[in-house]
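Enquirer: I would like the atomic coordinates for the input below:
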Amino acid sequence: MAQLEGIRVVDLSTFIAGPSCGRILANYGAEVIKVESPKGDDFRVIARSYRYPAPGEDGHDYGLDGLNANKRDLCINLKDPKGQEAFGKLLESANVFLTNNRVQALKKLGLDYETLHEKYPHLIHASILGYGEVGPLKDKPGFDYTAYFSRGGVALSIMEKDTAPGVPISGFGDFYAGIALASGILAALYRQTKTGEGERVTVSLLDTAVYGISWMMGAMEYGSVLPTSRKQTNSATATTYKTKDGRWLQLAMLQYDTQLPRFVKVSGADFLLEDSRFNTYEAMLQNIPTMVEVLEPVFAQFTLNEWIDKLTEADIPFEIVQTMEEVATDEQNWANDYIYKKTTPDGKNVYYARTPVFFTERPAIKDEEGRIGRCPYLGEDSVEILKEIGYSTDEIADMEQNGVIIQDHKHD
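Expert: Numbering: from 1, shown residues only. Sure, this is the predicted structure:
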């Protein structure tokens, strides 16, 4: 039995953050119903940007699959009174209402927490916002580029000093906000099973970012300033170095006094043990930039593979700074089933990542022929869902004729 079997989630969210949360809950066994307007989730179009071309079929591509696998789809016009009525019946049958619409938009539709809690006191109202529910920016549109990376301080924390902020991977902050909201929903579901009551659960992109950099905020009082340089870190042996063949290694030699002799043995840098600036942890901390400059030619003596052998032999914590291709084909990822490969509707063999929590029974997602593992088509399950909440065939046909719902006919 799946962990969330019997739980129904109504997922009225678009783009990445909200849908990523819904996908996690779906992988845990919840029935997640993706609700879309007649024009569809904006991400069905935006996913085909110039930067990430994915010419799928009928609004289908790897980005949508990664966010909406294992969901059902209801396409309904919530601005129509009959659409609102049907949506209300759906919420009455649900455990969780998930959304990333802004508060002002939810109020216009009567879908804000206060209104829904009065109508459906059992319902958990879960939302992801850009900047939170209150404050001067509560109604400002938020994306991970802006609310998470920029205002949340993440962009400066990972840039090399005196350079430009890097271009972040799309959705990076969204996915972490989705994970955070999923954890809150699980706590609220536990309370719901005990009391029968719903509650509000909120996460913002800004809050997720601030939580992630909280250690560095505390360090400000002790002189830490961002952005910094790889030559001015908290340790000369916890930064990056370039190898002879132009690859980068991340060193994490944190147990300095015990690991330094082992490093010296495999690297041939005997002078480190003889130099009073570097031969103890306390001394190294007073000479970090100098030691980084001294170690750079040491690392430049050997290739990446040579360093892998040397550092592994010395049991020194390190890692390769991998490319996307290397991550996708990494044997460690495949051994743990973190990544899988699937043929998309347009014939591409695309790498996908699973959601990052596993239970004893892992969710099936490799069935390319069936429903599992892909985003539903727009309106694919509209008829079945409406029947489940009490609508007759004639009523559904009338709703379709009048544009209240859309059902998928292309794949009948």
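Enquirer: could you list the low-pLDDT ranges of the protein?
Expert: For the chain, residues meeting the criterion pLDDT under 70 lie at 1, 47-60, 345-346, 362-372, 412.
Enquirer: which elements pack onto the lengthiest helix in it?
Expert: Longest helix in the chain by number of residues (criterion: DSSP state H): helix 172-195. Contact partners of helix 172-195 among helices and strands, from 3 or more Cβ pairs under 8 Å, 6 or more residues apart in numbering; DSSP states H and E: helix 17-27, strand 96-99, strand 124-129, strand 200-204, helix 205-212. The way it works is simple: take the backbone N, C-alpha and C, and place the C-beta from them, glycine included.
Enquirer: and if we set it to 6 Å?
Expert: Contacts defined by 3 or more Cβ pairs under 6 Å, 6 or more residues apart in numbering; DSSP states H and E place helix 172-195 against helix 17-27, strand 124-129, strand 200-204, helix 205-212.
Enquirer: show me what contacts the residue nearest the centre of the chain?
Expert: Closest residue to the average C-alpha location of the chain: Phe175 at 1.5 Å, with Cα atoms, centre = their mean. Applying Cβ atoms under 6 Å, 6 or more residues apart in numbering, we find Phe175 in contact with Ser20.
Enquirer: and the residue of the chain positioned farthest from its centre, how close does it get to Glu313?
Expert: When distances to the mean C-alpha position of the chain are computed (Cα atoms, centre = their mean), the maximum falls on Glu274, with 46.9 Å. Here the criterion is Cβ to Cβ, to the nearest Å. By it, Glu274 lies 22 Å from Glu313.
Enquirer: what do you get for Leu156?
Expert: Look at Leu156 and Glu313: by Cβ to Cβ, they are 37 Å apart.
Enquirer: who has more neighbours out of these two?
Expert: Using other Cβ atoms under 10 Å as the criterion, Leu156 and Glu313 rank with Leu156 on top: 17 against 11.
Enquirer: about what we covered before: CSV for the helices and strands packed on helix 172-195, including mean neighbour count and distance to Leu91?
Expert: Below are the helices and strands packed on helix 172-195 laid out as CSV (neighbours: other Cβ atoms under 10 Å; distance: least, Cβ to Cβ, whole Å):
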stretch, mean neighbour count, distance to Leu91
helix 17-27, 28, 15
strand 124-129, 27, 10
strand 200-204, 22, 15
helix 205-212, 21, 25
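Enquirer: out of these, which is closest to Ile385?
Expert: The closest of these to Ile385 is helix 17-27. By Cβ to Cβ, the value is 14.8 Å.
Enquirer: what's next to the closest one, contact-wise?
Expert: Applying Cβ under 6 Å, 6+ apart, the contact partners of helix 17-27 are 9, 11, 13, 32, 67-71, 98, 100, 128, 174-175, 177-178, 181-182, 355, 363.
Enquirer: one more: stretch 322-334?
Expert: 339, 351.
Enquirer: what comes up buried for it?
Expert: Going by neighbour count (16 or more other Cβ atoms under 10 Å), the buried part of stretch 322-334 is 328, 333.
Enquirer: and it, how far apart are its ends?
Expert: 15 Å (Cα to Cα, to the nearest Å).
Enquirer: going forward can the numbers begin at 47, since that is how I track them
Expert: Noted, 47 is the first residue going forward, which turns the last one into stretch 368-380.
Enquirer: domains in this protein, as residue ranges please.
Expert: Domains of the chain are assigned by automatic domain parsing as 54-258+377-452, 294-366.
Enquirer: buried ones among the contacts of helix 63-73?
Expert: In those, the ones that pass as buried (16+ other Cβ under 10 Å) are 55, 57, 59, 78, 113-117, 144, 146, 174, 220-221, 223-224, 227-228, 401, 409.
Enquirer: which residues in this protein form strands?
Expert: Listed in chain order, the strands of the chain (DSSP state E) span residues 54-58, 77-82, 118-122, 142-145, 170-175, 246-250, 286-288, 294-297, 364-366, 385-389, 395-399, 451-452.
Enquirer: quick one: closest of those strands to Ala193.
Expert: Of these, nearest to Ala193 by Cβ to Cβ is strand 246-250, at 7.1 Å.
Enquirer: dump the residue contacts of Gln296.
Expert: Counting by Cβ under 6 Å, 6+ apart, Gln296 touches 286, 365, 367.
Enquirer: next one: the last one from Gly129, what distance?
Expert: When distances are taken as Cβ to Cβ, Val367 and Gly129 turn out to be 50 Å apart.
Enquirer: more neighbours: those two, which one.
Expert: Between Val367 and Gly129, counting by other Cβ under 10 Å, Gly129 is the more crowded of the two (19 against 13).
Enquirer: dump the residue contacts of the more buried one.
Expert: Contacts for Gly129 were tallied using Cβ under 6 Å, 6+ apart; they are 122-123, 450.
Enquirer: need the contact list for Lys356.
Expert: Lys356 sits next to Val312 when contact means Cβ under 6 Å, 6+ apart.
Enquirer: from Lys311, how far out is it?
Expert: For Lys356, the distance to Lys311 - Cβ to Cβ - is 9 Å.
Enquirer: same thing with Gly242?
Expert: As for Gly242, its distance to Lys311 is 65 Å (criterion: Cβ to Cβ).
Enquirer: now Gly425, nearest residue through space, not along the chain?
Expert: Spatial nearest neighbour of Gly425, chain neighbours left out: Cys121 (3.5 Å); criterion: Cβ to Cβ, 6 or more residues apart in numbering.
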